[in-house]
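>>> kindly generate the corresponding structure for this input.
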Amino acid sequence: MPTKKTKPGREYEVSGRKFSWFPLDEDDQPETDPVVIPMRLKLGLVLKLADQDMDAAGMRQLLAELIPGQADRLDEMDLHDFQQMFTTWQNEYELL
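You can find the predicted model right below:
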């Protein structure tokens, strides 16, 4: 997988249609198991959440729908790390 970096230098990976983010642990070190988010978004999900604000709760709701098997891991993430993951995923998605 090609490793990329955010402007502040945080590494993440994009491989095909998958985005991988390694959440930070208690010592602010990346975990070994990534949160993997598809780089595809179905119109039905967008319409379902059309009235939702894209604050932290809205971002979490969208991702919980998109990656239900990993949704519990989102709740354990640092808020800033979560928001950076979401916006980085969103930017990569928009580049497609």
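>>> all strands of this structure, in order?
Secondary structure of the chain (DSSP state E): strands located at 3-5, 11-15, 18-21, 35-38.
>>> from the chain's centroid, how far away is the shortest one?
Relative to its parent chain, strand 3-5 has a centroid offset of 14 Å by C-alpha atoms, centre = their mean, to the nearest Å.
>>> please work out the average pLDDT along it.
The average pLDDT for strand 3-5 rounds to 92.
>>> please apply the same query to the third one.
Per-residue pLDDT over strand 18-21 has a mean of 97.
>>> what strands flank that strand, and is each parallel or antiparallel?
strand 11-15 (antiparallel), strand 35-38 (antiparallel) (DSSP bridges).
>>> please identify the buried residues of that strand?
19-21 (16 or more other C-beta atoms under 10 Å). For glycine as for every other residue, the C-beta is placed from the backbone atoms N, C-alpha and C.
>>> kindly report the same for stretch 55-75.
59-63, 66, 73-74.
>>> do stretch 9-28 as well
So for stretch 9-28, counting by 16+ other C-beta under 10 Å, buried means 10, 12, 14, 19-24.
>>> identify the residues contacting it?
With C-beta atoms under 8 Å, 6 or more residues apart in numbering as the test, stretch 9-28 has contacts from 1-6, 30-40, 73, 76-78, 81, 84-85, 88-89, 92-93.
>>> Produce a PyMOL select command limited to the buried residues of those residues.
In PyMOL, this line selects whichever of the contacts of stretch 9-28 come out buried by 16+ other C-beta under 10 Å:
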select buried, resi 34+35+37+73+77+81+84+85+88+89+93
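>>> how close does Asp33 sit to Gly58?
The gap separating Asp33 from Gly58 is 25 Å, by C-beta to C-beta, to the nearest Å.
>>> so who does the closest residue to Pro8 other than its chain neighbours touch?
Nearest non-adjacent residue to Pro8, counting by C-beta to C-beta, 6 or more residues apart in numbering: Gln84, 7.9 Å away. Contacts for Gln84 were tallied using C-beta under 8 Å, 6+ apart; they are 6, 8, 10.
>>> having no further points to raise, I will conclude here.
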